[in-house]
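A.B. asks: For reference, the sequence and a predicted model appear below.
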Amino acid sequence: MSRPAAYSPWDDLARRTGVDLRWHNGKVAKWERPLGVTHFADLSVSLLVGRPEHSLRSTLTHELVHLDRGGFERSGGKERIEERRVQRAASQRLIDPVLYDLLIDYMNDSDAHFAVAGRILRRVLLVDWRMFQAYADWRKGVTLKTAMRKWEQFGPDCLPAWPAPWMASKANHLAIQHALDACEAARA
Ligand SMILES: [Zn+2]
């Protein structure tokens, strides 16, 4: 079976015309040193400085899924639900289902120590623990075949639609209008 190369959030970010990547090292809005924040109003993503690659990859993918889905209500438990959906979608893009299954078999067979399992996760799957957990939760009720279908939706040659569909309804915001214009110009 030929396998698609993995999704790269850095490549995905690079072709998102109008999206600004920033770095922070302190408070952002109401959060104290958050790993990542997406600002929908000016289409920027801010990442915490000094994090290792597996953490940056996980956080950036999470923020890009936010950008795909658009702004959301934060009241009445809706934020928690949206965050869970976003994290799950990010994990489906990042984690190769075949590698995941091999890793789980290995860990079950070898009673790998928790710390060793953590290192394997970082090195092999290149994701952080929270991303792994979101994926593991989803995979409990899902076959390899279904997981493969999700995984194959995104790869180097098939990235999420950009501009994202929600942006058309927010074209009165200056940054979004600029991004839409720049995307249009890039296509022409
Ligand atoms: Zn989030």
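C.D. replies: Cool, the structure landed.
A.B. asks: lowest-confidence helix or strand of the protein?
C.D. replies: Taking all helices and strands of the chain together, the one with the lowest average confidence (mean pLDDT, DSSP states H and E) is helix 114-120, at a mean of 72.
A.B. asks: Return the set of buried residues in it.
C.D. replies: For helix 114-120, a neighbour-count test (16 or more other C-beta atoms under 10 Å) marks Ala117 as buried. C-beta: built from backbone N, CA, C; applies to glycine.
A.B. asks: ok, and what's touching stretch 137-153?
C.D. replies: Contact partners of stretch 137-153, identified using C-beta atoms under 8 Å, 6 or more residues apart in numbering, comprise 4, 88, 91-93, 95-98, 100-101.
A.B. asks: What's the first helix or strand after the least confident helix or strand of the chain?
C.D. replies: From helix 114-120 onward toward the C-terminus, using DSSP states H and E, the following helix or strand is helix 129-139.
A.B. asks: gap between that next one and the chain center?
C.D. replies: What separates the centre of helix 129-139 from the centre of its chain is 13 Å, taken as C-alpha atoms, centre = their mean, to the nearest Å.
A.B. asks: While we're on His113, how confident is the model there?
C.D. replies: The pLDDT attached to His113 in the predicted structure is 68.
A.B. asks: before we move on, back to that, which residue in the contacts of stretch 137-153 has the weakest pLDDT?
C.D. replies: Lowest confidence among the contacts of stretch 137-153: Pro4, with 55.
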